[in-house]
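S.K.: fold the following for me, if possible:
(one chain, ligands or ions: 1)
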Amino acid sequence: MRLDVVTIFPEYLEPLNVSLVGKARARGQLHVHVHDLRAWTYDRHNTVDDTPYGGGPGMVMKTEPWGDALDSVLADGYEAGSREPALIVPTPSGRPFTQELAVHLSERPWLLFTPARYEGIDRRVVDEYATRMPVYEVSIGDYVLAGGEAAVLVVTEAVARLLPGVLGNAESHRDDSFAPGAMANLLEGPVHTKPPLWRGRGVPDVLLSGHHGKIARWRRDEALRRTTAHRPDLIERCDPKAFDKKDREMLSILGWEPDPDGERYGRFWRRTDGVEE
Ligand code: JEH
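M.R.: Residues are numbered from 1 along each chain as shown. Have a look, this model is predicted:
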């Protein structure tokens, strides 16, 4: 896979030299090219921004540097033999970046990222390249960043670990939470390793018991506990048929019951006023 990143802060992408992504590059599984947008400015001040039409706060990134940069990077990639680029545009108004999208992008041969600063890029740039290639405007979460570079690091790491041969067998992603089609889309419970006693804190006995059935059940209960506490939306989204008898027992202990039609789980169905229904 080939990755190109065009940015006014190439140093911000230094983490791509490290760890999983850095190793994938060293092994030749990933070819990363980071470009300084200011190389495609031709005025004394290397200007990349201007005031917004229609008024309002902040500055907007200009069309011409982006257009020249993207034309040049695309020409270079095609010359090097790459095919079918996809343009990834981080923006607070993008579609949510999910594991499903990471899987989809990991199947493409060439990703081109345009992390912006200021209030973003003049709309005409995205509209222009959308006539030539698939464009994915993505947001990595509901909070406001100062620019798109951190999102590029996030998307790149999520995609790179899915490439064939990038993860070792030990850290294989066959049962990733959030994987599309995963039967039980629950958060993971806690994990432990040696020593068995640390600062007076032991490891749950069941994990030392060697009883694989009981361990699996405990892990499932902890996953349900964690998911109801941190991501109730994941429980509400589940088909109740995905829960076995022991799951339903645990969910009941945690205050979750099927709705009156048995279609969905929720916390709000049970009366709390003591009146029997
Ligand atoms: C931020 C690319 C380029 C800041 C504010 C505004 C929000 C309220 N998950 C993510 N958060 N932020 C970004 C992102 C991703 N991916 C992101 C970026 C750029 C990505 C420039 N910025 C800074 C920036 C405008 N505000 C957006 N609104 C109501 C939710 C208020 C307006 C634009 C750009």
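S.K.: helix, strand or coil: sort out the residue of the stretch 151-277 of the chain found nearest the ligand for me.
M.R.: Nearest residue of the stretch 151-277 of the chain to the ligand (CB to the nearest ligand atom) works out as residue 151 at 3.4 Å. Glycine gets a C-beta too; all of them are placed from N, C-alpha and C. State at residue 151, reduced to three classes by DSSP: H, G, I helix; E, B strand; the rest coil: helix.
S.K.: is it in contact with residue 116, as I believe?
M.R.: No. Using CB atoms under 8 Å as the test, residue 151 is too far from residue 116 to be in contact (10.1 Å).
S.K.: mutual contacts of those two, please.
M.R.: Contact criterion CB atoms under 8 Å, 6 or more residues apart in numbering; residues shared by residue 151 and residue 116: residue 90.
S.K.: circling back: ok, now how distant is the residue lying closest to the residue of the stretch 151-277 of the chain closest to the ligand once chain neighbours are set aside from the ligand?
M.R.: Excluding its sequence neighbours, the residue lying closest to residue 151 (CB to CB, 6 or more residues apart in numbering) is residue 90, at 3.5 Å. Distance of residue 90 to the ligand, computed by CB to the nearest ligand atom, to the nearest Å: 3 Å.
S.K.: ok, residue 132 next?
M.R.: 22 Å.
S.K.: are we agreed that that residue is in a strand?
M.R.: No. Judged by three-state DSSP, residue 132 forms no part of a strand; its state is coil.
S.K.: number of residues surrounding it?
M.R.: Per other CB atoms under 10 Å, the neighbour tally for residue 132 reads 11.
S.K.: quick one: contacts for it?
M.R.: Contacts for residue 132 (CB under 8 Å, 6+ apart) come out as none.
S.K.: can you check the one 3 residues further on too?
M.R.: Under the criterion of CB under 8 Å, 6+ apart, the contact list for residue 135 reads 86-87, 89, 126, 129.
S.K.: number of residues surrounding the closest residue to residue 147 other than its chain neighbours?
M.R.: Nearest residue to residue 147, sequence neighbours excluded (CB to CB, 6+ apart): residue 117, at 4.2 Å. By other CB under 10 Å, 20 other residues sit near residue 117.
S.K.: also residue 124?
M.R.: 11.
S.K.: host element of it?
M.R.: Taking DSSP states H and E as the definition, one finds residue 124 inside helix 123-130.
S.K.: just the pLDDT at residue 26, thanks.
M.R.: Looking at residue 26, its pLDDT stands at 96.
S.K.: next, it: phi, psi?
M.R.: Backbone geometry at residue 26, expressed as degrees, to the nearest 10, gives phi -60, psi -30.
S.K.: quick one: the helices in this protein, in order.
M.R.: For the chain, the helices defined by DSSP state H cover 19-26, 63-79, 99-106, 123-130, 149-160, 205-208, 212-230, 232-237, 245-253.
S.K.: so for the second one, what gets flagged as buried?
M.R.: By that I understand helix 63-79. 65-67, 69-70, 73-74, 77 (16 or more other CB atoms under 10 Å).
S.K.: which parts of this protein sit against the ligand?
M.R.: 90-92, 94, 116-117, 119-120, 138-141, 143-148, 151 (CB under 6 Å from any ligand atom).
S.K.: which ones among these are found in strands?
M.R.: Among the residues of the chain next to the ligand, the residues falling in strands (DSSP state E) are 90-92, 94, 138-139.
S.K.: can you pick the most crowded of these?
M.R.: Of all those, residue 90 has the most neighbours under the rule other CB under 10 Å, reaching 25 neighbours.
S.K.: beta partners for that one?
M.R.: For residue 90, the beta-bridge partners are residue 138 (DSSP bridges).
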